[in-house]
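*Asks:* okay, predicted coordinates and the sequence, questions at the end:
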Amino acid sequence: MAPTPRTIHATTPHRLRPFRPQPSHANGSVVTVRKLDQIQYQDISAALRLLHRGMVLETPAFGTTARGLAENETALRRFFASFPDYDVTLDGHASNGETLVCWGTARLTMTGNRFGVVPNGKRAEIPVFIQFGFQDDLIAGERFFFDLATLCAQSGVSTDAVRQKLFPSAAGGGAP
């Protein structure tokens, strides 16, 4: 018997846009929904239980790749320190049975000095898409895509300053 699909949504009730995994890709979708649920509530321990031991998390906008459970835990803790009110609403998804791609909107407030800038404290609302891969009924890969310039603009910080902090060797070398 296939698990019952669950709905995930933003924590603000007036912005509900449900995502329901289809039975045809129940294993990966249900695991993904559980992980996103745990991320919504910042339950890192629970989220880690849904990850394969060889999990690779890529966030191209930040130029980061976390490999394995320990690095993924560090990446999640660092992300939530920078964006403590993060939540995501998924508007849709597509799957071929091996890969699941979801798209929607992330809402988050940049805080702290991780990026070498002082944000304005306003909550940003940015389009995202997330690609998941699976192994042994666990999430083995995640690629989290968003536009860094959009996040910076809504957070009242210079994209160039953030890029210099994130990519110091590229920032000083000029464009090819």
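*Replies:* The structure has been received and is ready for your questions. Numbers count the residues shown, from 1 in each chain.

*Asks:* in a helix, residue 70, correct?
*Replies:* Yes. According to DSSP: H, G, I helix; E, B strand; the rest coil, residue 70 belongs to a helix.

*Asks:* report the central residue of the chain.
*Replies:* The residue lying closest to the centre of the chain (C-alpha atoms, centre = their mean) is residue 144, at 4.9 Å.

*Asks:* the top strand by length along the chain pairs with which strands, parallel or anti?
*Replies:* Assignment by DSSP state E gives strand 124-135 as the longest strand of the chain. Sheet pairing for strand 124-135, assigned by DSSP bridges, gives strand 99-108 (antiparallel), strand 138-146 (antiparallel).

*Asks:* okay, helices next: where are they in the protein?
*Replies:* 26-40, 44-48, 68-82, 148-155, 159-166, 168-173 (DSSP state H).

*Asks:* which of the ones you listed has the lowest average pLDDT?
*Replies:* Out of the helices of the chain, helix 26-40 stands lowest, with a mean of 56 (criterion: mean pLDDT).

*Asks:* with respect to residue 55, which of the strands paired with strand 124-135 lies nearest?
*Replies:* strand 138-146 (5.9 Å; C-beta to C-beta). All C-beta atoms are positioned from the backbone trio N, CA, C, and that covers glycine.

*Asks:* output the closest one in PDB with nothing but the alpha carbons.
*Replies:* Coordinates of each C-alpha in strand 138-146 appear next as PDB, following Å, rounded to 0.1, in the frame of the first residue of the first chain:
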ATOM      1  CA  LEU A 138      16.300   8.300   0.700                       C
ATOM      2  CA  ILE A 139      17.300  11.600  -0.700                       C
ATOM      3  CA  ALA A 140      20.700  11.200  -2.200                       C
ATOM      4  CA  GLY A 141      21.000  14.500  -4.000                       C
ATOM      5  CA  GLU A 142      19.500  18.000  -3.800                       C
ATOM      6  CA  ARG A 143      20.200  21.000  -6.000                       C
ATOM      7  CA  PHE A 144      18.600  24.200  -4.600                       C
ATOM      8  CA  PHE A 145      18.300  27.000  -7.200                       C
ATOM      9  CA  PHE A 146      17.400  30.600  -6.800                       C
END
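
*Asks:* got the angle between it and helix 68-82?
*Replies:* Interaxial angle of strand 138-146 relative to helix 68-82 (axes from the mean of the first three to the mean of the last three C-alpha atoms, to 10 degrees): 40 degrees.

*Asks:* so what touches strand 138-146?
*Replies:* 28, 31-32, 35, 50-52, 54-61, 106, 126-134 (C-beta atoms under 8 Å, 6 or more residues apart in numbering).
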